[in-house]
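**Q** Generate a structure from the sequence data that follows.
(chains A, B, C and D)
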Protein chains: 2
Amino acid sequence: MRGRGGRTTAPRRAVLDTLTKATHLSASEISARLTADDVQIDPSTVHRVLSALADAGVVHTVPVNGTTTYGMADQAHHHTVCNQCGKVRQLHHDLAEALVRAVNADGTVSVDEDGRAGGVVVYGRCTGACPTPA
Amino acid sequence: MRGRGGRTTAPRRAVLDTLTKATHLSASEISARLTADDVQIDPSTVHRVLSALADAGVVHTVPVNGTTTYGMADQAHHHTVCNQCGKVRQLHHDLAEALVRAVNADGTVSVDEDGRAGGVVVYGRCTGACPTPA
DNA sequence: GTTGCTTCTGCCATCATCTTGCAATAAGAA
DNA sequence: TTCTTATTGCAAGATGATGGCAGAAGCAAC
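**A** Prediction:
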């Protein structure tokens, strides 16, 4: 699961476990869930672990409001984001793929789908009531 | 230009002037340019002005790395962002519009193009050398 | 199983961005 | 011109994220 040179440590395992159970969490949310599970990991460590995992391509990042949310990289690289509640949803759509191809063909920006933050994000608003106005 | 209930004050005029001269700037960049032009406006005021303008639909926001960049709303609502240098480019493409229509048709998220942050953002990396590794 | 190198973690301080409270100011209407 | 109220400036603080450093632990070699 993480055979990319890095070491298998308890914090990394815990962060990945948290992220597989509920994808698209911010660093502070992951910290909160870990402490809720009686796993004491320093917030700075969570940030470093996430950064390392993102560099390794294990997780990807989605910017939401002012913060960064993380999700497993084996899932879709395209997302919708609600600007109100911050909810991140996966976006499975051929048009997103087509748009990526078009942007890549354009030449000014290259979208590397394996990169830590490459992909299409559609910002909008939940139709109806937002789940949690986080 | 800003007939939407708000008052026409010097700070708002200055922020809008800065934003029309060079679109897609962060709040701190706008502050820096204002001070460079010998216009003294408090950073918190810049934030409040930008937030008010975004709420009014005069400007739109694009999340870049950890910060928020602002651009005039009369321009394209879709953008490409370089994760390395933070460069924001306008994205004129029918596929982006088609994707928005598809997402709206999907029903879970509504993309209001007049909203303060609605639109498509494609995150990637500048092909070749990035302008300024800001 | 033991040893040792190197990575990783935890703690701390620091930074940057952004927000909020409050008094003073000024825009716009009467 | 006067008055009401939105807006600004200043200060303090909240929040997210980063970097340094000493100690702990993973992993490989022996």
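**Q** wait, doesn't A:P43 sit right on A:I30?
**A** No: when contacts are counted by C-beta atoms under 8 Å, A:P43 is not listed as touching A:I30 (9.2 Å). (Glycine included, C-beta is placed from N, CA and C.)
**Q** more neighbours, those two?
**A** A:I30 (23 against 14; other C-beta atoms under 10 Å in any protein chain shown).
**Q** got a list of what the more buried one touches?
**A** Applying C-beta atoms under 8 Å, 6 or more residues apart in numbering or on different chains, one finds that A:I30 lies in contact with A:V15, A:T18, A:L19, A:V46, A:L50, A:Y70.
**Q** Let's see which of these end up in strands.
**A** A:Y70 (DSSP state E).
**Q** Columns neighbour count on top of the contacts of A:I30, output as CSV?
**A** Below are the contacts of A:I30 laid out as CSV (neighbours: other C-beta atoms under 10 Å in any protein chain shown):
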residue, neighbour count
A:V15, 29
A:T18, 23
A:L19, 21
A:V46, 22
A:L50, 25
A:Y70, 28
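**Q** Could you give the number of residues near A:H47?
**A** A:H47 sits with 15 neighbouring residues when counted by other C-beta under 10 Å.
**Q** related to what we said a few turns ago, tell me which entries of the contacts of A:I30 lie within helices.
**A** Secondary structure of the contacts of A:I30 is defined by DSSP state H; positions in helices are A:V15, A:T18, A:L19, A:V46, A:L50.
**Q** quick one: which of the contacts of A:I30 is nearest A:T9?
**A** Nearest to A:T9, judged by C-beta to C-beta, of these is A:V15 at 9.8 Å.
**Q** My read is that the closest one contacts A:A52, right?
**A** No: shown here, A:V15 and A:A52 do not form a contact pair, counting by C-beta under 8 Å, at 9.7 Å.
**Q** show me what contacts the nearest residue to A:L99 once chain neighbours are set aside?
**A** Using C-beta to C-beta, 6 or more residues apart in numbering or on different chains and skipping the chain neighbours, the partner closest in space to A:L99 is B:L95 (4.3 Å). B:L95 makes contacts with A:L95, A:A98, A:L99, A:A102, as judged by C-beta under 8 Å, 6+ apart.
**Q** Name only those of those residues that count as buried.
**A** By neighbour count, with 16 or more other C-beta atoms under 10 Å in any protein chain shown, those hold A:L95, A:L99, A:A102 as buried.
**Q** how about low-confidence regions in chain A?
**A** Under the criterion of pLDDT under 70, the regions of chain A flagged as low confidence span A:1-5, A:113-117, A:131-134.
**Q** Strands of that one, start to end?
**A** Under DSSP E, chain A gives strands at A:25-26, A:59-64, A:67-72, A:79-82, A:88-90, A:109-110, A:119-126.
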